[in-house]
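[1] Starting from these lines, generate the structure:
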Amino acid sequence: MKHLLLILLTVFFSSTSLFSQEISEKTVDTVQVENVIVPPSFKGGNDKLYDYITTNFEYPTESLRRSASGTLEVQFTVEASGDITGVSILRGIDEPVDKEVARLLKNMPRWNPATKNGKEVRYTVSMPLSLKVSRVKNGKSGAYEK
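    Below is the predicted model:
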């Protein structure tokens, strides 16, 4: 039975980066003012982000041969326009994999931008990406699994 490669890519989000809401209150002459920051989001949500990554990620051949896997820490900025800028790999696992992840992030479609008090603002996102190479039977080559 032929063994094929299955690449398992799991996206974890830093709870403080993407899912938290900052609320600060100030009282001025008994009038309460709130600063509400809503983090940016991938259009369609986390499931669509996962789909984008698994559909477009191409595991470098030399990294597959070495079974390069682990957790990368990535960072990028979602501009007020929703464009992605400032992509960087804060902690990588393998140079070819790091370059592919950077390429993938730079080519992401526009996000829904962060807002502060209803106004679109730029926002820096940090998140880990876990990559694991495993061998499976009767799998589809290049298939991904949640």
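[2] how about the helix or strand encompassing residue 105 as PDB, C-alpha atoms only?
    Using DSSP states H and E, residue 105 falls within helix 95-106. Presented in PDB, the C-alpha positions along helix 95-106 are these (Å, rounded to 0.1, in the frame of the first residue of the first chain):
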ATOM      1  CA  GLU A  95      14.000  28.600   5.900                       C
ATOM      2  CA  PRO A  96      12.100  27.300   2.900                       C
ATOM      3  CA  VAL A  97       8.900  26.800   5.000                       C
ATOM      4  CA  ASP A  98       9.400  30.300   6.600                       C
ATOM      5  CA  LYS A  99       9.600  31.800   3.100                       C
ATOM      6  CA  GLU A 100       6.500  30.000   1.900                       C
ATOM      7  CA  VAL A 101       4.500  31.100   4.900                       C
ATOM      8  CA  ALA A 102       5.600  34.700   4.400                       C
ATOM      9  CA  ARG A 103       4.600  34.500   0.700                       C
ATOM     10  CA  LEU A 104       1.200  33.100   1.700                       C
ATOM     11  CA  LEU A 105       0.600  35.800   4.200                       C
ATOM     12  CA  LYS A 106       1.700  38.600   1.900                       C
END
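[3] State which strand of the chain is the longest.
    strand 123-137 (DSSP state E).
[4] What helices and strands are in contact with it?
    Using 3 or more Cβ pairs under 8 Å, 6 or more residues apart in numbering; DSSP states H and E as the contact definition, the elements that strand 123-137 packs against are strand 3-11, helix 15-18, strand 70-78. Where C-beta positions appear, they are placed from N, C-alpha and C, glycine not excepted.
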